[in-house]
Structures are given as structure tokens and as C-alpha cells.
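Undergrad: everything below, folded, please.
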Amino acid sequence: MRSSNLHAGFLAMAIVMIGVSNVRAHFPWLTLNEDGRVNYFFGEDLSDRHYHLPASIAEAKFYSLDSGKLQAIENMPADTNSFVGLESKQAVERDADIYSTVTFGVYHGSKLTYYSQYLGNVVSELTDATPHLDTQFQAQAIATKDAMQFIVYWDREPLQEVEVKLMGADGKTLGTCRTNASGQATFSNQQIPAGLNGIIVGPVTKNESGTHAEAEYSSASHYLTACFVCSGTDSLHEPPVLAELPFGITSFGAARLGDSLYVYGGHTGTAHEYSSETQSNQLLKLNVTGEMDRWQVVADGERMQGLAMVAHDTRLIVIGGLAARNSEGEPQDLHSLTQVRAFDVETKEWSDLPSLPEGRSSHDAAIIGDRVYVVGGWNMEGDKATEWHTSALMMDLGQASPVWTHIATPPFQRRALALAEYTGKLYTIGGMNEADGPTRSTAYFDANSGQWSEGPDLIGDEGMNGFGAAAWSIQGRLIVTNNSGCIQVLSSDGKEWQQIGVTQDARFFHRLLPFDNQSLVALGGANMKSGKFTRPEVLVVTKD
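TA: Predicted structure coming up:
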């Protein structure tokens, strides 16, 4: 395990016996999806989310723990290409405690009951040795610097000598142990990979008899499972607290240069309402080697949003953008910009660089060596029809007289995408296609071969999971964060994205920048439910 910054969920399981000699185990897993909705599915493991719920399991109810009392959460059936089961009608807080229990039925004379919890707030030490829920079978989770500990309770007393199995998101068994005299099962950090994991507890068998659904039973078997997400950070590295931005912004430029983070421009107003007054013209700076308690205004420029900004030598280079030529309350008059300007952080002066061939906004840019690349975006010219760009550009800043040149035409037309350098290649992440809207698609450009190649889709159930995402490479890993809060990394073979955690604030139209040699910082952005963010969030990313 790589972090104590964990979100944990506790699940219930069901066992299905098929035939006499062929035995398969299915469990009704209880999780949160990327949108924060409670998901309840019936599968052999955490990756098996397409099996239809048996009638008894489909009767499961969800409850959240609020001030020591269980409050009902409304759910509804869900049946999509990626998920079959039950889903809550509304999103819940990721630090909420969720609980569910259901009786599966009678099998071979034993009544089977399954318990589930979602424990959103994993503690670093146990200050209260009593369980939180007034339920028969439950668990608590504690994340220490070296291990993850689970304390299992039966009738609110620690349960001894019950088997606890640790499983990964792919269904593989990662470890097995039995609870000690204190009801505690412990797994080391080395056993637990980043991302989604689960534990299976039980069975606990009791001498009970009776009738359930007209079937007689002479014993009762009880099961509990638990699921938790490891954020992929180092438990010994506590993320620092950075000063909040002076105002919330989206669609802005940001770069790290020297010991400071820089932010320029951006939209400060209500979503989809644009005017000159709601576009920032300030270049802000936060020194990350000092107190980190105040952003400074170091320069003013043109009011704009939808720009890209990169750092090269001592200069911050602002590329394109969108300017609203209307005042607040007037009809929108939006124009993409051709200008490219550089701010020298030593001389504190602006200078002009060669303009873009056409106006461009809602694009992104990245640096590879001395070369700055620009991909995506569109050209807005007031009342004229908006033109989606088909071209991608490069300018060699190492040249005495740099000029913009076209690179190979990308195999897409896309805006609101993210660009990042990774292994010497230019990766384009998500965005919105002109033809079919938001997308989780990725692609990369190899400057040596001059060719574009398709990459794997980002994790998620819908195209919006790639819209307005942010990306950066650090510690030899390409990291992406998106509007679901999912922190994902490109696998070493480049064939898939793997979740390594979740952010505290699920945001889009934000920026990721390096904070130190093992940390990234998420700046700005917004959430459709909570609006714009001013608080930066530091994400610690350890090397594999």
C-alpha cells in the first residue's frame, strides 16, 4: 500500500452454488462509482459487474451513517454496458459511511445473510474501540504508516479467529489471515497495491433454526466483505497545505517555473456566461519553497480564458486564448486569439512571440525539450461560424527566430483536451470531439517518426470522464485527473489506464503541475455540483 490517504468501502457477498461439483462464488459488492453514486453489483470479484441480481439480492437497501443513526438512501436498478445492479439516485460524499445487509436465502439447510459497508473515513488511529453501527456483523479500518488493519465485530464485540481474505481489483487473492484476540486482521503496505482492493470476512456460522421464504434451515451463515481505495501516495509524506487562490477559475493557463507556481487568465464567472468582467487578466504566483500562504499578482495582461501556458527557461509563454469583447449583460461576442506572449520572470516584462496562424482557444500546449506543441481547440470569431482546428503546431524556442510549423495532422478534431509529455512523446488526453461530443479517447504523437497513434481510453463510464481533464508526467508515470475524481496512471506497456486513487475534490477544467519530485498539485477547476475551487490539492505520487 502506498498511502494513508484512503477511501474505504465495506461490501457484502453472496455465494451461488451451480451444480454438485461446479461451485462458483458470487458476491453483491457495494462501492461508489466515479460520480459518487452507490453501486451494488453481483459478481465473482470486483471486476465482474455484469451479472444480474438474484431477486433476494435485488431487495437490498442502502443506509448512510449520520450522527450515529442510519439514514435511508434511495436506489434504483441500473443496466448499462459497463454495470448491472443497483445504483443510488443521488451521489453521496466520498467520506460517508454506507451500510447494507440482505438475506440471500436457504442453501443446503443454512440461511445465508450478507453484510456490506462503505467506510469513507479511514482513521489513522482508533480512538474509540466500539463499532460505529448498531448492526450484527461489521468492521472498522485503520491505516497506519506500515499496514492496513481491520477490526471485525460480531454483536459489537471483537470477533476472533475468523478468516479475512485480501483481494485485488482484478479478483486475485493478495493475502489471507485470521483475526486475533482483539478481532484484528493486518495486511502490510507491501501486500496492498494502489487502487481498489477488497477483503472477504467469514463465514460466521451459528446454530439457528427456523423457516425463511417457506424453506427450513438448521443453521445460519453470515458473510462480510470490505472494499477500499488506496490513493497511491506515500503514507510517510504528508501533503502540505497551500494558500487558496484569490478567486475560483476554470479554463486558465498554469505552469511551474523555478520555485514557483504561476496561474494566468481564466473564467471567474458563472458557467456558460462570458463577459470581459468574468475573465481574469492577472498573472498569479505562489512560491512553494516558503510559507506558501499567499498568491501574489506579478503582472497584468489581456483578459482571456481557454488559453495554454508553458514554461521555458526564464519565460512563461501564453498561447492563444478566448477574449470576450462584450461587457456583462450584453450579447456575447467571443473571439479566439492569435497572440503568443512571453513573460520573463526575471525582468518582469512581457514580449511578443510569433502569432498563431489562426485564432485558437480551448486547446492545450506542452513542451518537449525546446519545442512547444499546440494541439486541438477551435477558432471563434463573434457571429461567424466556429471553426474546429484540424491542425497541430510546433515552434522550436531554441531557434534565434522561431516560427510556427505544422506537424502531422491529428486523427481527430478536439477541444477541451489535455496535453502532456511522456517518454518523449506528446500525449493528448480526452476532450470533446466535433462530431460526437465528450470523449475518453487518448492519442500520442512521436516526433521521431512524425506519426500519431491511438492510445487507450481513460477509465470511466461516459465521455464526460475525459472532458476538461488534466495531465502531467512525474516519477516516470503519466497521471490524469478528471471530473469524477479518479486519479489514473498509464500502464508501463501503454495499453491501459489504472486507477491509483481519488482526489478530495472531483474537478475538471483544472490544471496539474509538479509540486516536488514526487507530488503534483491540482489547481482551480470546478465541479458541476459545488462550483469553482480555490483550494489547491497536493497529490503524492510514488514511483512503482
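
Undergrad: measure Lys89 to Asp35 for me?
TA: Lys89 sits 12 Å away from Asp35, going by C-beta to C-beta, to the nearest Å. C-beta coordinates here come from the backbone N, C-alpha and C atoms, glycine included.

Undergrad: counting neighbours, go ahead and name the busier of these two.
TA: The residue with more neighbours, out of Lys89 and Asp35, is Asp35; 20 against 10, by other C-beta atoms under 10 Å.

Undergrad: for that one, what is the enclosing helix or strand?
TA: Asp35 belongs to no helix or strand when elements are defined using DSSP states H and E.

Undergrad: check the spatially most central residue of the chain and give its pLDDT.
TA: With distances taken as C-alpha atoms, centre = their mean, the chain has Cys486 as the residue nearest its mean C-alpha position (1.3 Å). With respect to pLDDT, Cys486 has a value of 88.

Undergrad: show me where the chain has helices.
TA: Per DSSP state H, the chain carries no helices over any range.

Undergrad: show me the shaky parts of it.
TA: Residues of the chain that meet the criterion pLDDT under 70 lie in 1-24, 66-68, 124-132, 134, 190, 230-239, 542-544.

Undergrad: report the contact partners of Pro514.
TA: Residues near Pro514 by C-beta atoms under 8 Å, 6 or more residues apart in numbering: 256, 472, 474, 520-521.

Undergrad: quick one: which of the residues you listed has the most company?
TA: Going by other C-beta under 10 Å, Leu520 tops the contacts of Pro514 with 26 neighbours.

Undergrad: and for stretch 451-458, what's in contact with it?
TA: Outside of stretch 451-458, the residues within contact range by C-beta under 8 Å, 6+ apart are 408, 410-411, 427, 429-430, 440-446, 465-466, 469, 480, 482, 488, 490, 494-497.

Undergrad: then that stretch to CSV, C-alphas only?
TA: Output in CSV follows, covering the C-alpha atoms of stretch 451-458 (Å, rounded to 0.1, in the frame of the first residue of the first chain):
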residue,chain,number,x,y,z
GLN,A,451,3.2,9.7,-36.7
TRP,A,452,0.1,9.8,-34.5
SER,A,453,-1.0,6.6,-32.7
GLU,A,454,-4.2,5.7,-30.8
GLY,A,455,-3.9,5.3,-27.0
PRO,A,456,-6.2,3.5,-24.6
ASP,A,457,-9.5,5.1,-23.4
LEU,A,458,-9.5,6.7,-20.0
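
Undergrad: now do the buried residues in it.
TA: Neighbour counts over stretch 451-458 (16 or more other C-beta atoms under 10 Å) mark 452, 455, 457-458 as buried.

Undergrad: same thing with stretch 296-313?
TA: 298-299, 301-312.

Undergrad: cool, stretch 427-444 as well?
TA: Buried residues in stretch 427-444 (16+ other C-beta under 10 Å): 427-433, 438-444.

Undergrad: my read: Ala418 touches Ser362, true?
TA: No: look at Ala418 against Ser362 with C-beta atoms under 8 Å: they stay out of range, at 11.6 Å.

Undergrad: so between those two, which is more surrounded?
TA: Remark: of Ala418 and Ser362, Ser362 carries more neighbours, 29 against 26, as counted by other C-beta under 10 Å.

Undergrad: not counting sequence-adjacent ones, nearest residue to that one?
TA: Arg415 (3.9 Å; C-beta to C-beta, 6 or more residues apart in numbering).

Undergrad: show me what contacts that neighbour?
TA: Applying C-beta under 8 Å, 6+ apart, we find Arg415 in contact with 362-363, 376-378, 388, 431-432.

Undergrad: please apply the same query to Glu157.
TA: Applying C-beta under 8 Å, 6+ apart to Glu157 gives the contacts Gly183.

Undergrad: try the one 5 residues further on
TA: With contact set as C-beta under 8 Å, 6+ apart, Val162 has these partners: 152, 178-179, 201-202, 204.

Undergrad: narrow those residues to those in strands?
TA: Using DSSP state E, the members of the contacts of Val162 that fall in strands are 152, 178, 201-202, 204.

Undergrad: next one: the residue nearest to Ala60 when sequence neighbours are not counted from Phe228, what distance?
TA: With C-beta to C-beta, 6+ apart as the criterion, Ala60 has its nearest non-adjacent residue at 4.4 Å, and that residue is Val102. Applying C-beta to C-beta, one obtains 21 Å for the distance of Val102 from Phe228.

Undergrad: more neighbours, these two?
TA: Using other C-beta under 10 Å as the criterion, Val102 and Phe228 rank with Phe228 on top: 25 against 22.

Undergrad: so that one makes contact with Val122?
TA: Yes: with contact defined as C-beta under 8 Å, Phe228 counts as touching Val122 (6.8 Å).

Undergrad: and Asp436, its phi and psi?
TA: Note on Asp436: backbone dihedrals following degrees, to the nearest 10 are phi -130, psi 20.

Undergrad: ok, now how distant is the nearest residue to it once chain neighbours are set aside from Asn482?
TA: Spatial nearest neighbour of Asp436, chain neighbours left out: Gly463 (7.8 Å); criterion: C-beta to C-beta, 6+ apart. As for Gly463, its distance to Asn482 is 11 Å (criterion: C-beta to C-beta).

Undergrad: Thr442 now?
TA: Counting by C-beta to C-beta - Thr442 and Asn482 are separated by 12 Å.

Undergrad: overlap in contacts of the two?
TA: Residues touching both Thr442 and Asn482 (C-beta under 8 Å, 6+ apart) are 430, 458, 466.

Undergrad: and these as JSON lines, adding distance to Leu322?
TA: Formatted as JSON lines, the shared contacts of Thr442 and Asn482 follow (distance: C-beta to C-beta, whole Å):
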{"residue": "Gly430", "distance to Leu322": "19"}
{"residue": "Leu458", "distance to Leu322": "25"}
{"residue": "Gly466", "distance to Leu322": "21"}
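
Undergrad: Gly43: which of these is nearest?
TA: Set against Gly43, the nearest of the shared contacts of Thr442 and Asn482 by C-beta to C-beta is Leu458 (22.5 Å).

Undergrad: isn't Gly424 right up against Arg371?
TA: No: using C-beta under 8 Å as the test, Gly424 is too far from Arg371 to be in contact (11.0 Å).

Undergrad: how about Ser473: what's its closest non-neighbour residue?
TA: Going by C-beta to C-beta, 6+ apart, Ser473 has Tyr422 as its nearest residue, at 4.3 Å.

Undergrad: what is the neighbour count of that neighbour?
TA: By other C-beta under 10 Å, the residues close to Tyr422 number 20.

Undergrad: likewise for Phe83?
TA: By other C-beta under 10 Å, 16 other residues sit near Phe83.

Undergrad: surely it touches Asp48?
TA: No: assessed by C-beta under 8 Å, Phe83 is found out of contact with Asp48, at 10.8 Å.

Undergrad: need the residues touching each of these two.
TA: Phe41.

Undergrad: just the buried residues of stretch 427-444: which are in strands?
TA: Residues of the buried residues of stretch 427-444 located in strands (DSSP E): 427-433, 438-444.

Undergrad: need the contact list for Ile249.
TA: By C-beta under 8 Å, 6+ apart, the residues touching Ile249 are 263, 265-268, 280, 524, 532.

Undergrad: using TSV, lay out these together with neighbour count and distance to Val318.
TA: Putting these into TSV (neighbours: other C-beta atoms under 10 Å; distance: C-beta to C-beta, whole Å) gives the following:
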residue	neighbour count	distance to Val318
Val263	25	11
Gly265	28	7
Gly266	32	12
His267	27	15
Thr268	19	17
Ser280	21	12
Gly524	25	16
Lys532	22	21
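
Undergrad: now, among these, which is nearest to Pro331?
TA: Nearest to Pro331 among the contacts of Ile249, counting by C-beta to C-beta, is His267 at 17.6 Å.

Undergrad: show me what that closest one bridges to in the sheet.
TA: Under DSSP bridges, the beta-bridge partners of His267 are Thr250, Gln279.

Undergrad: mind listing what it touches?
TA: 249-252, 274, 278-280, 305.
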